[in-house]
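K.L.:
Curious how this folds, go ahead:
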Amino acid sequence: MRELALNCINGFLLSVVLILAMEKIATRFGFVDIPTARKNHRGRVPMVGAAVFVAFAVSAVLLEHRPIGFTSFMIGLASLVALGVIDDRMNLRASLKFIAQIACVALMVLPNKTLIWHVGMLLGGDYLLLQQWAAPVTIIAVVGLINAYNMIDGVDGLAGSLSLVALLWFAAAAGIMGLRDHLILALLVTFCVVGFLVFNLRHHWRARASVFLGDAGSMMLGAILAFLAIGLSQHDGERLSPVAAVWICAVPIIDTVSLAIRRAAAGRNPFSSDRQHLHHLMLDAGMSVNQVVATLAIISSILGGIGVIGWYLKVPDTIMLLGLVIPVAAHTWFEHGGRNHMPQTWRTAGGDGKGAFKAPQPLLK
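P.N.:
The predicted structure is shown next:
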């Protein structure tokens, strides 16, 4: 217990110190998010995702035990963060970025075969095995989750808060299964993210975020969550249901898939950028930034709880999968006019929503 506490405190303090240092370095070397017609935040905001990664990496090296496949995962993760840093600075072409993401994820999962071998008991009492499709499905799924968290990073504190919620639910699942390595890893990342949220959340002492994750940080968090989901759901012995893992990460997944489908149906590039993400619609409906973050964090907590509790109570995977229809339907209702029926007391932001968000980087620019 003492080791766990020390590792978590170390991760938090390193994150805070390195962010303070990189805040100055980022400004000097041009790693800043500049306001545009699509990015309505105020001023040049430093992007410090690489600092959070370094805090996590240094703290992880000090761990006595790490999950199987962690070394190759870290090599791939470092490559992904480097890709994000380059993209934050140079705005890479969409096709190049997408191919590079696939290469980075392959480095993470292929050397130690950290793969999605099955997708749960969706056919009664037997696991639905992917067999020769395990590698491509894993790479596609991980790249998808990476970009889901990248694309949800559009409001001060949102990506960090949703990542924090997911990390805590994965930590709870690891604790239930007695997987100490995964539990320590999840909590370590949690405290690194808390260190970032000190500067990214709006609160009494900070009117606006002073730093952003950038592509480097948001893609890193998506990759770590994917690694935890695979590790907890695919190991020998008691396993977290893959469907439960989807519930834990449901908010960014549903929002990203919904947007891609709607854009394709409208004859547009599914990965083009616009202001139709759930958090944009909530801002346009009159909610403040903090209301958006709190609401989506609470929803994510509830959905994650349904996933973990449903798995713990051994609710069949088929029923859990069908249950996802409810949050999908709620999301669809909201984006097709349901936001117009919100209680008037929620609409306190007024003009605060304007200029209050940072539009996320599209998957393909």
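K.L.:
Need the nearest residue in space to the residue nearest the centre of the chain, chain neighbours excluded.
P.N.:
By Cα atoms, centre = their mean, the mean C-alpha position of the chain lies nearest to Y149, the distance being 3.6 Å. Using Cβ to Cβ, 6 or more residues apart in numbering and skipping residues adjacent in sequence, the residue nearest Y149 is G222, 3.6 Å away. For every residue, glycine as well, the C-beta is placed using N, CA and C.
K.L.:
The helix or strand where that neighbour lies - contacts with which helices or strands?
P.N.:
Element membership for G222 (DSSP states H and E) is helix 214-234. Under the contact criterion of 3 or more Cβ pairs under 8 Å, 6 or more residues apart in numbering; DSSP states H and E, helix 214-234 touches helix 49-61, helix 70-90, helix 94-109, helix 134-151, helix 158-177, helix 180-200, helix 242-248.
K.L.:
can you do 7 Å?
P.N.:
For helix 214-234, the elements it packs on are helix 49-61, helix 70-90, helix 134-151, helix 158-177, helix 180-200, helix 242-248, judged by 3 or more Cβ pairs under 7 Å, 6 or more residues apart in numbering; DSSP states H and E.
K.L.:
what residue ranges in this protein score low on pLDDT?
P.N.:
Within the chain, the stretches with pLDDT under 70 are 34-43, 269-274, 338-365.
K.L.:
Looking at it, which helix is longest?
P.N.:
For the chain, the helix with the greatest residue count under DSSP state H is helix 2-29.
K.L.:
Could you point out the helix or strand that follows that helix?
P.N.:
strand 32-33.
K.L.:
Now do the following helix or strand past that next one: everything it contacts.
P.N.:
Remark: after strand 32-33, the chain's next helix or strand is strand 45-46, criterion DSSP H and E. Strand 45-46 is contacted from outside by 22-23, 26-27, 31-33, 209, 211-212, using Cβ atoms under 7 Å, 6 or more residues apart in numbering.
K.L.:
ChimeraX command for the buried members of those?
P.N.:
The buried residues among the contacts of strand 45-46 can be selected in ChimeraX (16 or more other Cβ atoms under 10 Å) with this line:
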select :22,23,26,31,32,33,209,211,212
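K.L.:
nearest to M282, of the contacts of strand 45-46?
P.N.:
Among these, A209 lies closest to M282 (Cβ to Cβ), at 17.2 Å.
K.L.:
Surely the closest one forms part of a strand?
P.N.:
No: read with DSSP: H, G, I helix; E, B strand; the rest coil, A209 is coil and lies in no strand.
K.L.:
What separation is there between it and M47?
P.N.:
As defined by Cβ to Cβ, to the nearest Å, A209 lies at a distance of 11 Å from M47.
K.L.:
do S300 as well
P.N.:
Taken as Cβ to Cβ, the span from S300 to M47 is 24 Å.
K.L.:
repeat for F98
P.N.:
From F98 over to M47 the distance is 20 Å, taken as Cβ to Cβ.
K.L.:
next one: L313
P.N.:
42 Å.
K.L.:
okay, the two: which has more neighbours?
P.N.:
M47 (25 against 7; other Cβ atoms under 10 Å).
K.L.:
which non-adjacent residue is nearest the more buried one?
P.N.:
Nearest to M47 is G214, by Cβ to Cβ, 6+ apart, at 3.0 Å.
K.L.:
okay, now that neighbour: neighbour count?
P.N.:
G214 - counted by other Cβ under 10 Å - has 30 other residues nearby.
K.L.:
Please look at it and D87 and confirm they touch.
P.N.:
No: the pair G214 / D87 is not scored as a contact, 8.3 Å apart, by Cβ atoms under 7 Å.
K.L.:
one step back: against A103, how distant is the residue nearest to the centre of the chain?
P.N.:
Counting by Cβ to Cβ, the gap between Y149 and A103 amounts to 19 Å.
K.L.:
follow-up on the earlier one: got a list of what the residue nearest to M47 touches?
P.N.:
By Cβ under 7 Å, 6+ apart, the neighbours of G214 are 33, 47, 49, 84, 88.
K.L.:
which residues sit in contact with the residue nearest to the fourth one when sequence neighbours are not counted?
P.N.:
Distances taken as Cβ to Cβ, 6+ apart put A216 closest to G84, at 3.1 Å, once the chain neighbours are dropped. Neighbouring residues of A216 by Cβ under 7 Å, 6+ apart: 47, 49-50, 53, 81, 84-85, 88.
K.L.:
change it to 6 Å
P.N.:
Counting by Cβ atoms under 6 Å, 6 or more residues apart in numbering, A216 touches 49-50, 81, 84-85, 88.
K.L.:
want to throw these into CSV with distance to D284?
P.N.:
Below are the contacts of A216 laid out as CSV (distance: Cβ to Cβ, whole Å):
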residue, distance to D284
G49, 27
A50, 32
V81, 32
G84, 28
V85, 32
D88, 27
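K.L.:
Greatest separation within those residues: which pair is it?
P.N.:
Across those (Cβ to Cβ), the longest gap, 10.3 Å, separates V81 and D88.
K.L.:
Need the three-state assignment for N112.
P.N.:
Taking three-state DSSP, the label given to N112 is coil.
K.L.:
Please tell me how far it sits from V194.
P.N.:
29 Å.
K.L.:
Over to A329?
P.N.:
33 Å.
K.L.:
Please apply the same query to G307.
P.N.:
22 Å.
K.L.:
for A216, same thing?
P.N.:
Per Cβ to Cβ, A216 is found 18 Å from V194.
K.L.:
Please apply the same query to D156.
P.N.:
Distance from D156 to V194, by Cβ to Cβ: 15 Å.
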